[in-house]
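Trainee: I would like to see how this sequence folds:
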Amino acid sequence: MTQLSFWGPDDQRSPEPKAGKVATLRLLITVKAAPNPSARHGETVCVGALSVDPGRRSWIRLYPIHFRDLDDDNKFRKYDIVTVDALPAVQDRRPESWHPIVGSVRPEHHLSTGTARRGYLDPYVQDSMCRLIEKTREASDAPSIALIRAHDISGLTITRHPGWTPEQQAKINGYLGQLDILGDHHRAPLQAPRFTGSYRYRCADPRCRGHRQSLLDWEFVALQRRLGGLTDAQAAGQLRTKFLDQLCSAEREVAFYVGNQAARPQAFSIGGVYAPRRATSRHRLRVNR
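Mentor: Residues are numbered from 1 along each chain as shown. Below you'll find the predicted structure:
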């Protein structure tokens with residue numbers, strides 16, 4: 001998995017940041033992606049957020065975040081509002097990318113209700129995943145993140161994770177070797193998830209023939225670890241209950257936080273699910289079981 005990136009309405013694109021200039025960003029955290037192996041830090045996390053500064057209402061990507069190394073005062077949850085000092089990620093051409101300064105994350109408060117979250121996020125929901133992909137073919141600086149409404153969801157595929165690739169395992173081993181030299185023998189290596197997941201859905205674009213996108217949500221992996229005592233079939237069933245039957249029920253207005261890969265701009269994955277409850281029964285989502 002590479003870094004996720006996020007995007008809002010076209011007329012609210014953030015101004016191009018100046019290389020090398022530190023900025024203090026005020027953000028609503030919307031995505032914590034599952035951790036990935038890192039040769040330098042053991043593991044890193046990509047975080048997606050919506051800027052809530054009046055002058056910069058746009059999607060923001062923070063990478064890398066070394067979440068396990070954060071002090072308790074710097075840790076944050078999904079839907080927390082935080083401030084963070086960051087530099088533009090000059091090696092990433094996607095305009096939403098920022099490099100956070102270690103230890104500068106300052107949580108303010110948590111948005112605990114759907115109503116509070118909708119006030120920020122509903123204006124950024126878009127209908128066409130198809131058009132988002134088209135834009136990446138048309139321009140190198142196209143939006144690389146969005147919140148896409150699901151018109152109908154045909155399923156959630158859950159399969160056994162193949163384990164870390166040799167390259168990923170080498171990064172983990174190299175980092176642990178560095179710790180051994182420093183005399184730190186207490187850090188447990190990052191374990192590969194038990195399962196991978198991918199949603200199959202159609203966006204609201206009339207041309208849409210369907211999308212299949214991997215789910216890279218931290219919460220998806222965290223639930224797997226809590227289900228360690230169950231068989232594969234039982235655990236997969238619990239994951240499907242949570243991430244399909246509950247989060248994607250007909251009583252919810254489902255949209256996916258999607259982000260692309262820097263090296264493959266047309267390849268988008270799902271970083272999380274936005275699923276506020278419907279105010280009325282109109283326009284119910286179709287979910288095929």
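
Trainee: What's the end-to-end length of stretch 201-216?
Mentor: Distance across stretch 201-216, first residue to last, is 16 Å (C-alpha to C-alpha, to the nearest Å).

Trainee: do stretch 53-65 as well
Mentor: Start-to-end, stretch 53-65 (C-alpha to C-alpha) is 21 Å.

Trainee: buried sites along it?
Mentor: Within stretch 53-65, the residues scored as buried using 16 or more other C-beta atoms under 10 Å are Arg56, Arg57, Ser58, Trp59, Ile60, Arg61, Leu62, Tyr63, Pro64, Ile65. Using the backbone N, CA and C atoms, a C-beta is placed for each residue, glycine as well.

Trainee: Also stretch 258-271?
Mentor: With burial defined by 16+ other C-beta under 10 Å, the residues of stretch 258-271 counted as buried are Val258, Gly259, Asn260, Gln261, Ala262, Pro265, Phe268, Ser269, Ile270, Gly271.

Trainee: can you tell me how far the second one sits from Phe220?
Mentor: According to C-beta to C-beta, to the nearest Å, Gly259 stands 15 Å off from Phe220.

Trainee: just the fifth one next, same as before
Mentor: Taking C-beta to C-beta as the measure, Ala262 falls 22 Å from Phe220.

Trainee: got it, and the third one?
Mentor: Here Asn260 is placed at a distance of 19 Å from Phe220 (C-beta to C-beta).

Trainee: what does the fourth one give?
Mentor: As for Gln261, its distance to Phe220 is 18 Å (criterion: C-beta to C-beta).

Trainee: returning to what we had before: would you list the buried residues of stretch 258-271 in TSV and tack on distance to Tyr199, pLDDT and secondary structure?
Mentor: Shown next, in TSV, are those (distance: C-beta to C-beta, whole Å; pLDDT from 0 to 100; DSSP: H, G, I helix; E, B strand; the rest coil):
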residue	distance to Tyr199	pLDDT	secondary structure
Val258	10	97	strand
Gly259	14	96	strand
Asn260	16	93	strand
Gln261	17	88	coil
Ala262	22	87	coil
Pro265	20	92	coil
Phe268	11	97	strand
Ser269	10	97	strand
Ile270	6	98	strand
Gly271	12	97	strand
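
Trainee: which among those gets closest to Glu251?
Mentor: Proximity of the buried residues of stretch 258-271 to Glu251 (C-beta to C-beta) peaks at Ile270, which lies at 20.3 Å.

Trainee: pretty sure that closest one contacts Val258?
Mentor: Yes: assessed by C-beta atoms under 8 Å, Ile270 is found in contact with Val258 at 5.7 Å.

Trainee: so what sits against both of these two?
Mentor: Gln213 (C-beta atoms under 8 Å, 6 or more residues apart in numbering).

Trainee: Which parts of the protein are helices?
Mentor: Applying DSSP state H to the chain gives helices spanning 114-121, 129-138, 166-182, 218-226, 232-240.

Trainee: could you dump the first one to PDB, C-alpha only?
Mentor: Taking C-alpha atoms only, helix 114-121 is exported to PDB below (Å, rounded to 0.1, in the frame of the first residue of the first chain):
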ATOM      1  CA  GLY A 114     -22.900  11.900  12.900                       C
ATOM      2  CA  THR A 115     -24.500  15.400  12.800                       C
ATOM      3  CA  ALA A 116     -21.300  17.100  13.700                       C
ATOM      4  CA  ARG A 117     -19.300  15.100  11.100                       C
ATOM      5  CA  ARG A 118     -21.900  15.700   8.400                       C
ATOM      6  CA  GLY A 119     -21.500  19.400   8.700                       C
ATOM      7  CA  TYR A 120     -17.900  19.100   7.600                       C
ATOM      8  CA  LEU A 121     -18.000  16.100   5.200                       C
END
